[in-house]
Every structure is written in C-alpha cells, then in structure tokens.
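Novice: make a model of this:
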Amino acid sequence: MTMQFSVLASGSTGNAIYVETGEKRVLIDAGLSGKKIEAAMSRIGRSLSDVDALLISHEHSDHIKGAGVLARKYSLPIYANEKTWLAMDGMLGKISPEQKFHFQRDERLAFGDLDIESFGVSHDAADPMFFSFMHGKRKLTILTDTGYVSDRMAGMARSANKLIFESNHDTEMLRMGRYPWSVKRRILGDEGHVSNVDAGVALHEIIGEEPTDVYLAHLSLDNNMKDLARMTVEQTLQQYDRPVGDSIRLFDTDPYEPTPLKVV
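Specialist: I've put the predicted structure just below:
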C-alpha cells in the first residue's frame, strides 16, 4: 500500500495535515475548528472517525484550536512532547489520561506500517517540533513554524519525496505592513517564520537530484500571496542554478481548501 497525504489547511489562520498508509491514518495538528476540519476531511473523501492519532507540533492556537473537541468527539489519542503538554494545560479542555501520549523531540515512533521521526524547530513555543513520515522507501517531511533552517532540520528534510515547507512572508510586505513593530520583529527573528527568499535558499541546500514536490506552506494572509511566494522561491532557486520543473516542483497550499489527496 502507498502513503498518501493532504494539507487540509495551512496558514496563519489554522493548520492541519492528514497522512495515511494501508494500516494507519494520522492527523498532524488541528488548528481550525472541529467542524472545519471535519469538512476538510470530507472534501478529500475521508472521515475523522477512521483517524488513529493526532500529533501536535506545538501549542500555538493555529495548531491546536480544534484538538480538544476532536479528541473528545472521536476518542483520538494525542501525541505531543512533555513541554508541549505542559504548555497546553488548560487550553484543550478535559482530555482523558488514556488519550495522552508522550512523543519527545528527536524520537522515532513505529506506528504500524508508518515510521514517524520528530525533530526540533526554532519557534517561540515551549518545545516545537515537526515530523518526517517513512513508509517503505517513501518519505514525507513537514517543516514549518521556524525562524531559520538549521543543518539538523535540513538533514531531516533531505531525501524527502514530498516536502511541506514554510514560505511564510515577503519581507518587504511585512516591513511595510500594518503589524506593530514588536510583531514584525518576532516574525523576522530566529524564533519566528521563514521568508520566501530564505525558503528558496534552504530548499537549494536540502533538495538533491531526486525529484521532490514542495508544498509551500504557512503563508501569511497579510504579508504574502501564493503567486509571490512561488515566484520568489523559484527565482531564488534559479540563482543557485536549480531551475524549478525537473527535480523540484512547487505546489500551493491554502488556508481554506485542502490539497487533493496525493501519493508520496
């Protein structure tokens, strides 16, 4: 059986990703209302009643907004690291102890026919982390919500067949925009979010000769646009003689519409 995935929603208003194999179905983050996540799952022909686990990357509301509701409604086991569980205390509502599981940063979890590896990112949360999913020889990596891409993060994303990767903002739009300077400084900092240009530079370092589909994710509604993100990443890659089209293909994600279910 293959591994498939859909980016159910991605952006500053909420994030959720779905991954499935022949044996397991996993939701990564639940940053929208329960109803919106149910609707997104329905659009890709799937049901939350079949999901085996919910993985939480970090405690920010755009990643956990619907987590408590869904956990109670569907008896979902929730996996998060210890510091994230502490940070989420009181944010999810009542969660049964039987549904609470610890999955620490830099651990590997064998989950049926799916191997999941966690790794840390640089973000202003308690202990933020993201994940690589391995099934057979295929690999999907999610890397968003980080102020920069370290060698360790790049190594975790390397050799991924499909890569969900942050391209949060256009720096000039952010600098000229309506946000107060304190927020701008946070986003631009090492524990903020990766810009379009920095995404292109990082992708140049990550992607080898094997074909890789990159889904540009976590775009800011105020400080970015899909066409601008794609164009900037493409132009940055071209500066490194890495033309988009052969070994690298770029795809959009959306805050409101799920991407079609795709084989990794």
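
Novice: low-confidence ranges, the chain, go.
Specialist: Within the chain, the set of residues satisfying pLDDT under 70 is empty.

Novice: can you give me the strands in it?
Specialist: Shown for the chain, the strands assigned by DSSP state E span residues 4-9, 16-20, 25-28, 53-55, 78-80, 100-102, 108-111, 114-120, 129-135, 138-143, 162-166, 212-217, 248-252, 262-263.

Novice: and the angle from the first one to strand 248-252?
Specialist: For the pair strand 4-9 and strand 248-252, the angle between their directions (axes from the mean of the first three to the mean of the last three C-alpha atoms, to 10 degrees) equals 40 degrees.

Novice: roughly how far out does strand 4-9 sit from the chain middle?
Specialist: How far strand 4-9 lies from its chain's middle: 10 Å, per C-alpha atoms, centre = their mean, to the nearest Å.

Novice: same for it, what does it pack against?
Specialist: Judged by 3 or more C-beta pairs under 8 Å, 6 or more residues apart in numbering; DSSP states H and E, strand 4-9 is in contact with strand 16-20, helix 34-43, strand 262-263. In this view, the C-beta of every residue, glycine as well, is placed from N, C-alpha and C.

Novice: got the angle for that strand vs strand 162-166?
Specialist: Put simply, strand 4-9 runs at 20 degrees to strand 162-166, going by the same axes, to 10 degrees.

Novice: what would the strands of the chain look like in CSV with distance to Met176 and mean neighbour count?
Specialist: Shown next, in CSV, are the strands of the chain (distance: least, C-beta to C-beta, whole Å; neighbours: other C-beta atoms under 10 Å):
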stretch, distance to Met176, mean neighbour count
strand 4-9, 27, 25
strand 16-20, 31, 25
strand 25-28, 33, 24
strand 53-55, 36, 24
strand 78-80, 37, 26
strand 100-102, 43, 13
strand 108-111, 43, 14
strand 114-120, 32, 19
strand 129-135, 30, 24
strand 138-143, 27, 24
strand 162-166, 21, 26
strand 212-217, 21, 24
strand 248-252, 24, 18
strand 262-263, 36, 14
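
Novice: okay, these in a markdown table with distance to Lys184 next?
Specialist: Conversion of the strands of the chain to a markdown table gives the following (distance: least, C-beta to C-beta, whole Å):
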| stretch | distance to Lys184 |
| --- | --- |
| strand 4-9 | 24 |
| strand 16-20 | 27 |
| strand 25-28 | 28 |
| strand 53-55 | 30 |
| strand 78-80 | 29 |
| strand 100-102 | 35 |
| strand 108-111 | 37 |
| strand 114-120 | 24 |
| strand 129-135 | 24 |
| strand 138-143 | 23 |
| strand 162-166 | 17 |
| strand 212-217 | 21 |
| strand 248-252 | 25 |
| strand 262-263 | 35 |
